[in-house]
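Peer 1: no sequence on this one, just coordinates:
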């Protein structure tokens, strides 16, 4: 990490006291009385995606951004982050992520899905709603890159991406505006694992119909592919310098620890909410699943197909219609399977557990076909 980072805990406790939080801490009172219009550059010690997203939320909720602007720099261990209004089943490969132990997080801002790892830098610009200016923030990034590597052809687009050589995406943006405050965050690909990015950002479930915000795929590149000597310390120094230059600040980089409840009271509760199934999956906009299921009787080696039509709201199956050939299974069993699934989370593991008792109840020759149908339905959920 930066050699000149200052671990000024009196300053951090002051930051936790800005605006709506009151404190008797003398350092905090001093911080609250600092000059209007001053800036901070913070660097998170954490590489946990939920902690860092919660830190963003905490700053937005507790710091008076009418009086102070903040640049937060942070990185995560491998994770996939979706926008607030996105559908995770259409945005990322959940089975591959589960096998690799890659967490999924839903942020509170809009925008598209991104893959994070330690080769990807995140920058969050906090300011008042009046001061919200995404192009100016991106000017900080492009200006820093041009200053330290003049040979790089980088520019910001009208979509608030940053492109290298006119077509390679090295940064994407998202933002959140509140009544008085705002924050804009963007990624910056330094040395991310592009093969993992490609593997994770693929749909889990074909056949989903939804009004959720879709991501727009783009060819991407790492900065080190075009500037191999660019080190993290140099990049972070340049960004902090350019932020101060652009906005007229003189802030040193301050290291912060989101797990420090004394500095950030209540942040742990915010983290727990972001970590919950109800937030990550339950906040998905209403959608339907319509797809064809391939059926195979392993004993007779006969094949058939079925159709499934599910309605999902808040991540829970509201309706389930199964169109299965009459010569494959009795309608009674098809109806029982549909009834078992309604009210369950749209989740393969939960669905598999829900149908277990139904499978055990059938010990005749139909069990193999029923098992195959159940497996096909569960597989369709990703």
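Peer 2: It's in. Quantities reported herein were computed from a predicted structural model and do not represent experimental measurements.
Peer 1: all strands of the stretch 151-300 of the chain, in order?
Peer 2: 154-156, 162-164, 168-171, 173-177, 181-189, 208-210, 253-256, 287-297 (DSSP state E, counting those that start in this stretch).
Peer 1: Sketch out the low-pLDDT regions of the stretch 251-382 of the chain for me.
Peer 2: 362-363, 365 (pLDDT under 70).
Peer 1: tell me the secondary structure for the spatially most central residue of the chain?
Peer 2: Per CA atoms, centre = their mean, the C-alpha nearest to the average position across the chain is that of residue 81, at 1.7 Å. Following DSSP: H, G, I helix; E, B strand; the rest coil, residue 81 is assigned to strand.
Peer 1: Distance check, it against residue 118.
Peer 2: 14 Å (CB to CB, to the nearest Å). For glycine as for every other residue, the C-beta is placed from the backbone atoms N, C-alpha and C.
Peer 1: again, but for residue 288
Peer 2: 38 Å.
Peer 1: And residue 124, by the same measure?
Peer 2: For residue 124, the distance to residue 118 - CB to CB - is 17 Å.
Peer 1: neighbour count winner among these two?
Peer 2: residue 124 (26 against 15; other CB atoms under 10 Å).
Peer 1: returning to what we had before: between the strands of the stretch 151-300 of the chain, which one is closest to residue 44.
Peer 2: Nearest of the strands of the stretch 151-300 of the chain to residue 44, taken as CB to CB: strand 253-256 at 5.9 Å.
Peer 1: Which parts of the stretch 101-250 of the chain are helices?
Peer 2: Per DSSP state H, counting those that start in this stretch, the stretch 101-250 of the chain carries helices over the ranges 134-148, 194-200, 223-226, 232-247.
Peer 1: Now do the shortest one: distance to the chain's middle.
Peer 2: Distance of helix 223-226 from the chain centroid (CA atoms, centre = their mean, to the nearest Å) equals 24 Å.
Peer 1: And it, what's buried?
Peer 2: Using 16 or more other CB atoms under 10 Å as the test for burial, helix 223-226 gives 223, 224, 226.
Peer 1: what's the answer for the second one, then?
Peer 2: Judged by neighbour count (16+ other CB under 10 Å), helix 194-200 contains these buried residues: 196, 197, 199, 200.
Peer 1: Quick check: closest non-adjacent residue to the second one.
Peer 2: I take that to be residue 197. In space, and not counting its chain neighbours, residue 197 is closest to residue 115: 4.1 Å by CB to CB, 6 or more residues apart in numbering.
Peer 1: pLDDT value on the one you found, please?
Peer 2: Here the pLDDT value assigned to residue 115 is 97.
Peer 1: That one: how many residues sit nearby?
Peer 2: Residues lying near residue 115 (other CB under 10 Å) number 25.
Peer 1: cool, the one 10 residues further on as well?
Peer 2: The number of residues packed around residue 125, counting by other CB under 10 Å, is 26.
Peer 1: I figured it was touching residue 71, is that so?
Peer 2: Yes: shown here, residue 125 and residue 71 form a contact pair, counting by CB atoms under 8 Å, at 5.9 Å.
Peer 1: Distance of residue 374 relative to residue 302?
Peer 2: 18 Å.
Peer 1: Tell me the buried residues in stretch 44-53?
Peer 2: Across stretch 44-53, burial judged by 16+ other CB under 10 Å covers 44, 45, 46, 47, 48, 49, 50, 51, 52, 53.
Peer 1: Over to the fourth one: give its phi and psi.
Peer 2: Backbone torsions of residue 47, given as degrees, to the nearest 10, read phi -120, psi 20.
Peer 1: same check, this time on the second one
Peer 2: Main-chain torsions, residue 45, degrees, to the nearest 10: phi -80, psi -20.
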